[in-house]
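Novice: sequence and predicted structure are below.
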Amino acid sequence: MALDPSTRDQLVEARARIAAQLEDIDFRVKGGAGWERRQGMGLPDYADVAAELQDELREINSILDGEDEPHA
């Protein structure tokens with residue numbers, strides 16, 4: 001599948017934003033969000049959001065990887 005350059009650039013940018021969001025979630029879950037804990041609030045459950053972002057990342061990667069496959 002051939003992507004036009006604009007679409008490809010948008011997908012690459014989206015992939016970078018999603019990766020950054022997943023890193024932020026990972027940081028918060030691993031204790032980087034100490035303020036919430038000090039306030040006795042606990043941490044929100046990010047599992048659903050992380051799963052959705054992972055699905056989007058897989059879809060984007062699949063599209064971008066498919067672009068590089070030889071056409072029959």
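Specialist: Received it, and whenever you're ready, just let me know what you need.
Novice: report how many residues lie close to residue 15.
Specialist: Using other CB atoms under 10 Å, residue 15 has 16 neighbouring residues. Where you see a C-beta, it was placed from the backbone N, CA and C, and this is true even at glycine.
Novice: residue 62 is in contact with that one, correct?
Specialist: No. Assessed by CB atoms under 8 Å, residue 15 is found out of contact with residue 62, at 11.2 Å.
Novice: which strands or helices does the longest helix anywhere in the chain pack on?
Specialist: As assigned by DSSP state H, the longest helix anywhere in the chain is helix 5-27. Judged by 3 or more CB pairs under 8 Å, 6 or more residues apart in numbering; DSSP states H and E, the packing partners of helix 5-27 are helix 47-67.
Novice: what comes into contact with the helix it packs on?
Specialist: 1-3, 8, 11-12, 14-15, 18-19, 21-22, 25 (CB atoms under 8 Å, 6 or more residues apart in numbering).
Novice: give the buried residues for that helix.
Specialist: 53, 57, 60 (16 or more other CB atoms under 10 Å).
Novice: list the contacts for the most centrally placed residue in the chain?
Specialist: Nearest to the geometric centre of the chain sits residue 18, at 2.7 Å (CA atoms, centre = their mean). Residues in contact with residue 18 (CB under 8 Å, 6+ apart) are 53, 56-57, 60.
Novice: noted, bye for now.
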